[in-house]
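Student: predicted structure and sequence below. I'll ask about it afterward.
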Amino acid sequence: MTHERACGAGVAVVMGADELPVVLPPDLRQRLSELTGREIRVLPVRGGLGLPARAAGLGGVDILVTGWGCPPLTKAVLDGAPQLRAVIHAAGSVKQLVTEAVWERRLVVSSAADANAGPVADFTLAAIGLAAKGALPAAAAYADGGRWPAFRDRQGADGRTVGVLGASRIGRRVIAGLRASAAGYRVLLYDPYVTDEEAARLGAERMDRLADLCRAAGIVTVHAPGTPDTYRLLDADHLALIPDGGTVINTARGSIVDTESLERECRSGRLNAWLDVTDPEPLKRGHALFRLPNVLVTPHIAGAQGSEGRRLGTYAVEEAGRWVRGEPLLGAVERDSLDRLA
């Protein structure tokens, strides 16, 4: 079923003023107009202001393209957009955007999370490769005037055994990257929603318990969604099971790792960490994790950054075209699965 242009229908683009020129520059907006046959209304959001629907010009809009900076789509917003039928998010998670009112209106929702997954997986694989070489402690020893032995004893941590926590879209890409690597990684997987057969197809060994994964893996990389069930899932007890010299990598959600317990493990020198997300985020200025030589904290940059942002816009534009043509949406988000998404 195609979605023909309704009388006066249009596309509204609502995202942060800083993100707009990177994610959806003029040429992509032109492409969006061509694919949808609709007028494009650009509504940049500045200073975290709300979105009074009628003032923002959502009347007559049937497609809403959103991005970072777009306020939540509350009932008040949707009341001002009576023709709205599809929300296409040119970013990853829609959890902060979609409210119950969206589902009550039976709006179609799509996310460019797949386009964002590639950069996160690449970032993670780079961190795993560096962690396997002991790059952080090696750099600290080198800066202190010491030499890092080529075949240094890793104190029990096997840098070629990687434990993947969560078979999310990013987790699956990480597994695929590890299997394709010439390093010969052994890949373990903990995900209660994945069967032995599915794990085998992915190229990983499924672990029944997170504790078993932590005991066996020299590197633990986190790719689960941030939900009440995963809050501090990697807690003090699990961190203590990771072998001496092991590494924790988190590019998912900071809430999944117990920050205080991880800090203690890293401060003792027993574990190393590569953290692109933290809890809280950001950490307070001067936090110990910023100062430890065996920890690298980056400001949530694993996802699409800089020129990569265009990938999100391109995905959203093509998705809007698919919706207009009545084709299946590649990034469709369903209400029932939202809790298990990042």
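Tutor: Received, thanks.

Student: list the buried residues for the strand or helix carrying R41?
Tutor: In this structure, R41 sits in strand 39-45 according to DSSP states H and E. By 16 or more other C-beta atoms under 10 Å, the buried positions in strand 39-45 come out as 40-43, 45. For the C-beta atoms, the positions are set from N, CA and C on the backbone; glycine is no exception.

Student: from what I see, E319 and I88 are in contact.
Tutor: Yes: contact criterion C-beta atoms under 8 Å: E319 and I88 qualify, at 5.2 Å.

Student: okay, and the common contacts of those two?
Tutor: By C-beta atoms under 8 Å, 6 or more residues apart in numbering, E319 and I88 have these common neighbours: 110, 112.

Student: now do the strands in the stretch 51-200 of the chain.
Tutor: For the stretch 51-200 of the chain, the strands defined by DSSP state E, counting those that start in this stretch cover 61-66, 86-89, 108-111, 161-165, 186-190.

Student: and those strands: which comes nearest W274?
Tutor: strand 161-165 (12.6 Å; C-beta to C-beta).

Student: thinking again about what came up before, tilt between the strand holding R41 and strand 61-66?
Tutor: Calculated by axes from the mean of the first three to the mean of the last three C-alpha atoms, to 10 degrees, strand 39-45 forms an angle of 40 degrees with strand 61-66.

Student: would you format the strands of the stretch 51-200 of the chain as TSV with mean neighbour count, distance to V14 and mean pLDDT included?
Tutor: Output for those, formatted as TSV (neighbours: other C-beta atoms under 10 Å; distance: least, C-beta to C-beta, whole Å; pLDDT from 0 to 100):
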stretch	mean neighbour count	distance to V14	mean pLDDT
strand 61-66	27	5	97
strand 86-89	25	10	98
strand 108-111	23	14	97
strand 161-165	28	34	98
strand 186-190	22	38	98
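
Student: distance to S33 added to those, as TSV?
Tutor: Formatted as TSV, these follow (distance: least, C-beta to C-beta, whole Å):
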stretch	distance to S33
strand 61-66	11
strand 86-89	14
strand 108-111	18
strand 161-165	41
strand 186-190	43
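
Student: surely A127 and W274 touch.
Tutor: Yes: here A127 lies in contact with W274, judged by C-beta under 8 Å, at a distance of 4.3 Å.

Student: could you pull out the residues contacting both of these two?
Tutor: Common neighbours of A127 and W274, counting by C-beta under 8 Å, 6+ apart, are I249.

Student: contact partners for the residue nearest to the spatial centre of the chain?
Tutor: Centroid-nearest residue in the chain, with C-alpha atoms, centre = their mean: A252, separated by 5.6 Å. Contacts for A252 (C-beta under 8 Å, 6+ apart) come out as 166, 168, 170, 222-226, 277, 342.

Student: how about a cut-off of 7 Å?
Tutor: By C-beta atoms under 7 Å, 6 or more residues apart in numbering, the residues touching A252 are 166, 222-224, 277, 342.

Student: just the buried subset of these, please.
Tutor: Here, 16+ other C-beta under 10 Å leaves 166, 222-224, 277, 342 buried among the contacts of A252.

Student: which of these sits closest to A76?
Tutor: Closest to A76, out of all of those and judged by C-beta to C-beta, is A342, at 26.9 Å.

Student: to G118, which of the strands of the stretch 51-200 of the chain lies closest?
Tutor: strand 108-111 (14.1 Å).

Student: CA atoms of the closest one as CSV?
Tutor: C-alpha atoms of strand 108-111 as CSV (Å, rounded to 0.1, in the frame of the first residue of the first chain):
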residue,chain,number,x,y,z
VAL,A,108,4.5,4.2,12.4
VAL,A,109,7.9,4.5,14.1
SER,A,110,11.3,3.9,12.5
SER,A,111,14.9,4.4,13.7
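
Student: got any ranges where the protein has weak pLDDT?
Tutor: For the chain, applying pLDDT under 70 flags the ranges 1, 4-8, 47-56, 148-156, 340-342.

Student: mind naming the longest helix for it?
Tutor: Using DSSP state H to define each element, the chain has its longest helix at helix 113-132.

Student: what does it contact?
Tutor: Helix 113-132 is contacted from outside by 91-93, 159-160, 162, 169-170, 173-174, 177, 183, 219, 221, 247, 249, 251, 272, 274, 276, 302-304, 308, 311-312, 315, 330-331, using C-beta under 7 Å, 6+ apart.

Student: buried subset of those?
Tutor: 91-93, 159-160, 162, 169-170, 173-174, 177, 219, 221, 247, 249, 251, 272, 274, 276, 302-304, 308, 311-312, 315, 331.

Student: strand partners (parallel or antiparallel) of the strand holding R41?
Tutor: strand 10-16 (parallel) (DSSP bridges).

Student: export the strand it pairs with as CSV, just CAs?
Tutor: Provided in CSV are the C-alpha atoms of strand 10-16 (Å, rounded to 0.1, in the frame of the first residue of the first chain):
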residue,chain,number,x,y,z
GLY,A,10,4.4,17.8,4.3
VAL,A,11,7.5,16.5,6.0
ALA,A,12,8.7,18.3,9.1
VAL,A,13,12.3,17.9,10.2
VAL,A,14,12.8,18.5,13.9
MET,A,15,16.2,18.1,15.5
GLY,A,16,18.9,20.1,17.2
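
Student: quick one: it to chain centroid distance?
Tutor: Distance, stretch centre to chain centre, for strand 10-16: 22 Å (C-alpha atoms, centre = their mean, to the nearest Å).
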